[in-house]
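Undergrad: Next one to model:
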Amino acid sequence: MSDAAELRRLIEAAGRIAIFTGAGISTDSGIPDFRGTNGVWTKMQPILFQDFVASASARREAWRRRFDSDDVMRAAQPNRGHRAVALLVRQGRARAVITQNIDGLHQASGIPDDQVIELHGNSTYGACLDCSTRHEIADLRDGFERAGDVPGCRACGGLVKTATISFGQSMPERPMRRAQEETQAADLFLVLGSSLVVHPAAGFPEAAKRRGAHLVILNRQETPLDGIADLVVRDGIAEVLGGATGAN
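TA: Sure, this is the predicted structure:
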């Protein structure tokens with residue numbers, strides 16, 4: 001039986017699917033991953049949250065990196081893998097998608113905001129660290145290009161950061177709680193494009209397997225949980241999941 005056929009069988013037999021996505025689902029959309037052979041972290045070190053808060057130069061560097069990637073982010077469109085996930089959600093086979101991604105492509109694929117559980121936030125807009133006021137990237141970029149720095153929050157003057165969870169920053173309580181609920185309810189847990197090395201998020205598929213759910217991992221590289229998975233697929237997510245679901 002082909003991988004797509006076996007995956008189709010597991011999907012059709014499932015009562016409720018939990019979908020967990022990482023950077024690998026978005027590489028076919030032109031967004032580089034973080035830990036692959038040519039991943040982002042092989043070229044530069046992440047800026048810690050504490051450094052962002054304490055250092056003006058660290059903030060400028062963080063924003064420079066974000067604006068350097070702006071053209072890539074704006075040009076990226078959902079691929080067949082995203083559309084396959086959206087189809088599973090639309091069919092009610094999955095109630096939501098749990099994602100480590102910060103690119104907004106699940107929403108762009110048609111999944112409503114309230115059905116996308118963003119564990120690591122979203123880089124398509126900024127937010128004030130004090131009052132949470134939303135700031136659009138285009139406005140922040142204009143200010144950066146004019147003054148060499150991102151202006152303070154228009155509402156309270158506080159520091160503005162991309163609405164992401166950086167290293168050293170606390171994980172968001174509500175998304176983590178919702179992800180736990182989806183994990184506990186699932187009898188099939190699909191991992192799509194995650195290296196499963198970032199915790200605590202990577203603990204969800206292991207927890208699902210312990211509860212008796214089938215575990216499927218689609219990732220081009222090995223993961224720490226391959227040994228306990230019911231199905232491991234090394235081919236492209238778009239091809240395999242698209243074939244299993246019939247998504248175009």
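
Undergrad: Output the longest strand belonging to the chain.
TA: Secondary structure of the chain read by DSSP state E shows that its longest strand is strand 121-128.

Undergrad: how about the CA coordinates for it, as PDB?
TA: In PDB, the C-alpha atoms belonging to strand 121-128 read as follows (Å, rounded to 0.1, in the frame of the first residue of the first chain):
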ATOM      1  CA  GLY A 121       2.400  33.600  17.300                       C
ATOM      2  CA  ASN A 122       2.200  35.400  14.000                       C
ATOM      3  CA  SER A 123       4.800  37.500  12.200                       C
ATOM      4  CA  THR A 124       2.400  39.100   9.700                       C
ATOM      5  CA  TYR A 125       1.700  41.900  12.100                       C
ATOM      6  CA  GLY A 126       3.200  43.600  15.200                       C
ATOM      7  CA  ALA A 127       1.900  44.000  18.700                       C
ATOM      8  CA  CYS A 128       2.700  46.200  21.700                       C
END
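
Undergrad: okay, residue 40: pLDDT?
TA: Note for residue 40: predicted pLDDT of 56.

Undergrad: And residue 198, by the same measure?
TA: On pLDDT, residue 198 comes in at 87.

Undergrad: So for this protein, the centremost residue is which one?
TA: Geometric centre of the chain, nearest residue: residue 101, 1.6 Å, by CA atoms, centre = their mean.

Undergrad: Looks like that residue contacts residue 25 (just checking).
TA: Yes. Contact criterion CB atoms under 8 Å: residue 101 and residue 25 qualify, at 7.1 Å. Where C-beta positions appear, they are placed from N, C-alpha and C, glycine not excepted.

Undergrad: show me what contacts residue 85?
TA: Each residue near residue 85 by CB atoms under 8 Å, 6 or more residues apart in numbering is listed here: 19, 21, 25, 94, 97, 106, 109, 111, 192, 241.

Undergrad: Tell me the spacing between the last one and residue 85.
TA: To residue 85, residue 241 is 7 Å away according to CB to CB, to the nearest Å.

Undergrad: In the chain, mark out all the helices, start to finish.
TA: In the chain, the helices defined using DSSP state H lie at 3-13, 49-54, 56-68, 70-75, 80-90, 105-108, 137-147, 173-185, 203-210, 237-245.
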